[in-house]
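Engineer: I'd like to go over a predicted model; first the sequence, then the structure.
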Amino acid sequence: MHKLTDTERVRLRIRLLLGLMLFLQGGILAFLWNLQVVQGHTFQDQISSQSLRRVRHPGHRGRILDRNGMVLADNRPSVGIALYPEELRLPGRQSRTLDRIDALLDEISENIGLPRTLTREQVARHYRNERMLPLLAWRDLDDRTIARWAERVGPREGVDLLTEPVRFYPFNDLLAQTLGYVGRGGMADPDEGRFHFQIPEMEGKAGLELVFDELLRGEAGAELVRIDVASYKHNVEVLVPPVRGHDVHLTLDARLQNLAERILGSETGSIVLMDPRNGEVLALATYPRYDLNNMVPFISHSVWNALIQDPRRPLVNRPVREHYAPGSTIKPFVCLAGLLSGQVTEDTTYTCHGSYQPGPNAAPMHCNNRFGHGTLDMREAIARSCNVYMWRLAEDIGYDPMFATLEGLGAGQQTGIEVDFEVSGILPTDAWKRQRHNDVLRRGDIANISIGQGFLTTTPLQMALMTATIANGGTHHAPTLLRGFRRHEEEPLERLEPRPAPVHKAWDPVHVAAIREGMLGTVMGDRGTGRNARVDGLAYAAKTGTAQYGPPGNRRYRSWMIAFAPYDNPRLAAVVLIDSGLGSGVDAAPRMQLLMQALFGAPRGEVPRG
């Protein structure tokens with residue numbers, strides 16, 4: 001065997017070393033090829049997912065407008081500082097991430113000159129439950145604060161400026177209870193992982209914002225936002241553009257609403273204005289009210305507690321959610337029931353001596369005129385508001401015709417108007433009294449109902465609807481607040497469904513004329529109970545009413561007045577209700593006078609301001 005020389009051994013070692021180096025180099029090349037070519041797409045996807053935010057944007061919420069196109073509810077941009085918790089997450093215990101966010105909030109607070117608005121507990125709750133939503137640390141930043149942010153902080157990992165739409169009510173408390181308000185909606189995307197982040201959308205919480213929420217909401221859009229490690233945006237790609245919601249056009253007239261609210265002043269109560277020709281509601285005024293802009297983008301604890309603890313209950317939309325004894329405003333409709341029964345005529349007379357005894361053992365019931373009105377026909381009884389006439393009439397015709405007429409006019413049932421939580425009021429029956437009081441309706445009950453006291457209750461809107469039906473001669477129009485909706489100005493207004501067809505009552509025109517003449521005498525007659533509401537140059541019909549409530553010894557009074565005008569060609573049905581007043585002649589009639597003066601061109605009185 002040949003023995004290798006020293007030179008040959010060196011050469012062999014060099015060749016082996018060279019072979020090893022070539023093998024290792026080939027392995028490295030194979031590894032790099034696998035890394036860059038075979039698995040390149042996988043790593044590219046991972047890089048893209050780290051540098052892209054898939055963001056869901058809500059659709060632009062539609063506006064709410066009055067019948068003349070005046071905007072009642074709109075949106076405005078609000079710039080805030082948002083934290084993206086998912087991007088700030090640290091490995092390990094959750095407290096490490098919360099510590100990081102805490103320190104970041106303190107740093108930003110010092111740099112922009114604004115105190116912190118979030119506690120650690122609020123941050124932790126958001127991190128646990130709503131990590132996909134940006135956490136807004138400051139809202140409604142002014143230009144100076146935005147400049148400080150750009151100069152001292154700027155975008156960084158997990159933090160950026162965020163512009164979100166906020167609901168805005170240009171007239172603050174006008175129509176507050178009817179319009180309602182919005183709040184933040186929940187997580188709108190059911191497909192977990194589809195988006196990195198969602199911008200929360202507005203959701204109707206009360207009033208028309210709730211009733212028409214599906215119409216007002218737009219359709220959500222999506223975009224890809226490319227960022228670097230310092231959170232600087234390099235590109236925004238719109239994947240699906242958001243679609244704006246519908247604008248909702250109401251029958252309400254903002255100018256009439258403002259007038260009604262000013263006339264109501266600071267008295268707890270309601271004013272309803274309706275067009276008797278078609279059932280369109282023109283105004284729904286109530287007091288007290290609240291500033292709708294204090295309810296968005298969220299309701300603070302202090303604001304909410306003040307509202308729910310106020311004994312006057314400002315959150316309640318009184319024209320549709322409160323029901324009261326209607327007092328003497330029910331008398332024209334009780335007289336109509338007598339005429340429709342065929343048992344009396346408009347010329348039927350009764351003599352009022354100042355009191356009436358509903359039964360042999362019953363205590364006497366007194367008329368509003370303790371000395372008596374004397375002998376009256378139906379027209380005079382309405383104009384002078386004689387209780388005894390109504391008691392005698394009810395005794396003669398019985399309760400069934402009264403019940404049928406009042407029910408046909410809408411008493412005791414919801415009107416179906418587009419509001420949340422409308423109440424029906426009470427039109428009592430024997431069955432109702434058995435259920436509530438384990439008794440049947442007695443003569444005294446029926447006597448009380450005939451003058452709008454006792455168990456009978458109505459809403460101000462129901463009284464406006466009943467008044468409108470008398471005003472137009474017997475056509476019942478379903479009341480409405482909605483003229484229509486559309487996305488764009490050039491489109492025609494649409495409705496979700498056709499309005500109910502008007503119901504034409506088969507009333508004798510002679511009967512309707514008698515009721516109308518009695519109501520005309522209330523204002524225009526020398527002894528009418530509403531003559532204090534007379535307006536020079538305007539003939540209109542009305543009925544006053546005062547309803548007692550409260551325990552004996554602490555009686556209080558609700559003051560009513562219903563009216564329609566002008567008398568010969570009614571274009572307005574109106575209801576004024578003062579919740580706790582001195583009487584209709586003192587509280588309701590002067591306000592009705594101011595209303596008619598303002599609306600029909602007569603000399604204006606001074607309009608009280610709340």
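Structural biologist: Received it, and whenever you're ready, just let me know what you need. For clarity, every value in this text was computed on a predicted model and none was experimentally measured.
Engineer: Please state the backbone phi and psi of the residue nearest to the spatial centre of the chain?
Structural biologist: Taking CA atoms, centre = their mean, the centroid of the chain lies closest to Gly207, which sits 1.6 Å from it. Backbone torsions of Gly207, given as degrees, to the nearest 10, read phi 60, psi -150.
Engineer: and it, what is it in contact with?
Structural biologist: Listed by CB atoms under 8 Å, 6 or more residues apart in numbering, the contact partners of Gly207 are 177-181, 317, 419-420. No exception for glycine: its C-beta is placed from N, CA and C like everyone else's.
Engineer: Would you reformat those residues as TSV and include pLDDT and neighbour count?
Structural biologist: Output for those, formatted as TSV (pLDDT from 0 to 100; neighbours: other CB atoms under 10 Å):
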residue	pLDDT	neighbour count
Gln177	97	26
Thr178	97	28
Leu179	97	24
Gly180	96	25
Tyr181	96	23
Asn317	97	24
Val419	94	24
Asp420	91	17
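Engineer: the helices in the stretch 301-450 of the chain, which residues?
Structural biologist: Remark: helices assigned in the stretch 301-450 of the chain by DSSP state H, counting those that start in this stretch are 301-309, 318-321, 331-341, 378-384, 387-397, 399-408, 430-437, 443-450.
Engineer: and if you look at the stretch 101-250 of the chain?
Structural biologist: Going by DSSP H, counting those that start in this stretch, the stretch 101-250 of the chain shows helices at 120-129, 143-148, 176-179, 207-211, 213-216.
Engineer: what's the distance between the third one and the middle of its chain?
Structural biologist: When C-alpha coordinates are averaged (CA atoms, centre = their mean, to the nearest Å), helix 176-179 and its chain have centres 4 Å apart.
Engineer: What are the contacting residues of that helix?
Structural biologist: With contact meaning CB under 8 Å, 6+ apart, helix 176-179 is reached by 64, 72-73, 169, 207-209, 252, 284, 286, 289-292, 314-318, 419, 481.
Engineer: Just the CA atoms of it, as CSV, please.
Structural biologist: C-alpha atoms of helix 176-179 as CSV (Å, rounded to 0.1, in the frame of the first residue of the first chain):
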residue,chain,number,x,y,z
ALA,A,176,-86.5,66.3,22.3
GLN,A,177,-88.9,63.6,23.4
THR,A,178,-90.2,63.0,19.9
LEU,A,179,-86.9,62.8,18.1
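Engineer: quick one: low-confidence parts of this structure?
Structural biologist: Applying pLDDT under 70 to the chain flags residues 1-4, 8, 35-53, 132, 186-196, 227-236, 583-585, 601-610.
Engineer: any idea where the strands of the stretch 401-550 of the chain begin and end?
Structural biologist: Ranges of strands in the stretch 401-550 of the chain, per DSSP state E, counting those that start in this stretch, are 475-476, 482-486, 503-504, 541-549.
Engineer: make that the stretch 101-250 of the chain, sorry
Structural biologist: Assigned by DSSP E, counting those that start in this stretch, the stretch 101-250 of the chain shows strands spanning 135-138, 159-168, 182-184, 197-198, 202-204, 221-227, 233-240, 247-250.
Engineer: and these as CSV, adding distance to Glu346?
Structural biologist: Listed next are these as CSV, based on distance: least, CB to CB, whole Å:
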stretch, distance to Glu346
strand 135-138, 68
strand 159-168, 54
strand 182-184, 52
strand 197-198, 67
strand 202-204, 49
strand 221-227, 66
strand 233-240, 68
strand 247-250, 39
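Engineer: Same list as before, these that is, but in a markdown table and with mean neighbour count and distance to Leu572 included.
Structural biologist: Formatted as a markdown table, the strands of the stretch 101-250 of the chain follow (neighbours: other CB atoms under 10 Å; distance: least, CB to CB, whole Å):
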| stretch | mean neighbour count | distance to Leu572 |
| --- | --- | --- |
| strand 135-138 | 21 | 47 |
| strand 159-168 | 19 | 31 |
| strand 182-184 | 20 | 32 |
| strand 197-198 | 22 | 48 |
| strand 202-204 | 23 | 30 |
| strand 221-227 | 17 | 45 |
| strand 233-240 | 11 | 48 |
| strand 247-250 | 24 | 17 |
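Engineer: Of these, give the one that comes closest to Thr117.
Structural biologist: strand 135-138 (6.1 Å; CB to CB).
Engineer: Output the contacting helices and strands for the closest one.
Structural biologist: The helices and strands touching strand 135-138, judged by 3 or more CB pairs under 8 Å, 6 or more residues apart in numbering; DSSP states H and E, are strand 71-83, helix 94-112, helix 120-129.
Engineer: Kindly calculate the angle that the last one makes with helix 94-112.
Structural biologist: Taking axes from the mean of the first three to the mean of the last three CA atoms, to 10 degrees, helix 120-129 and helix 94-112 form an angle of 120 degrees between their directions.
Engineer: Quick check: buried residues in helix 120-129?
Structural biologist: Residues of helix 120-129 classed as buried by neighbour count (16 or more other CB atoms under 10 Å): 123-124, 126-127.
Engineer: swap in the first one?
Structural biologist: Under the neighbour-count criterion of 16+ other CB under 10 Å, strand 71-83 has 72-75, 78-83 buried.
Engineer: Which SSE is immediately downstream of that strand?
Structural biologist: Using DSSP states H and E, the helix or strand that follows strand 71-83 in sequence is helix 85-88.
Engineer: Show me what that following helix is packed against.
Structural biologist: So helix 85-88, by 3+ CB pairs under 8 Å, 6+ apart, packs with helix 94-112.
Engineer: No more questions from me, cheers.
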